[in-house]
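1. Any chance you can model this:
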Amino acid sequence: MTLDEQLIKGSFQSIQHKSRVNLLYSGYWLTQRMTELLKPHNITLQQLNVLRILRGQNSEPISTLEIKDKMIIGNADASRLVDKLCTKGLIWKKPCPHDGRKIQVFINENGLNLLGQIDDEMTLIDDITNNLNEKELKVLNQLLNKLRA
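-> Sure thing, here's the model as predicted:
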């Protein structure tokens, strides 16, 4: 039986079980949609997360450790992600003047331009919420925040 069939038929051990499976399924579904959107840009969701963190720094440097702490997926190898984004010409790094063991990471114009394109394209998957009105979206966000509290 597929998950869709399970969700429709309600073959779950409890409402908690159904909620857990539904959350996992929905998260995977959204991840797949975002991954497909990023494919033409040759970047991953984790790399997108790093670029967004760097853009949020407003040209201020940040270390790879700070990047890792701010990432949505906390167990990511921030150093490896930074190296890949440097290779792609989207960010740059330099040694920290106060601590040679650390590096400072910055987003460059190419990275900002790519984020601008991706931001525009992300609106294409906003249709996932078309079945919900604004009040329902607010409730959804409140419930998700409460779940993680």
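
2. buried ones in stretch 98-112?
-> 103-105, 107, 111 (16 or more other C-beta atoms under 10 Å). C-beta here means a position set from N, CA and C on the backbone, and glycine is covered the same way.

3. Next SSE downstream of the longest helix seen in the chain?
-> The longest helix of the chain (DSSP state H) is helix 15-38. Beyond helix 15-38 in the direction of the C-terminus, DSSP states H and E gives the next helix or strand as helix 45-56.

4. Just list what the longest helix of the chain packs against, helices and strands only.
-> Other helices and strands packing on helix 15-38, by 3 or more C-beta pairs under 8 Å, 6 or more residues apart in numbering; DSSP states H and E, are helix 3-9, helix 45-56, helix 109-122.

5. what about this structure, any weak spots by pLDDT?
-> Residue ranges of the chain with pLDDT under 70: 1-10, 74.

6. Domain map for it?
-> Here the domain parsing of the chain from automatic domain parsing is 1-39, 42-122.

7. Figure out which of those is closest to residue 131.
-> Distance to residue 131, taken as C-beta to C-beta, is lowest for domain 1-39 among the domains of the chain, at 12.5 Å.

8. Can you mark which positions in the closest one are buried?
-> By neighbour count with 16+ other C-beta under 10 Å, domain 1-39 contains the buried residues 34, 37-38.

9. One more: stretch 118-126?
-> Neighbour counts over stretch 118-126 (16+ other C-beta under 10 Å) mark residue 118 as buried.

10. What are the contacting residues of it?
-> Outside of stretch 118-126, the residues within contact range by C-beta atoms under 8 Å, 6 or more residues apart in numbering are 30, 33-34, 37-38, 41, 48.

11. Widest-spaced pair of those residues?
-> Farthest-apart pair in the contacts of stretch 118-126 is 30 and 41; separation 17.7 Å (C-beta to C-beta).

12. Brilliant, that's me finished.
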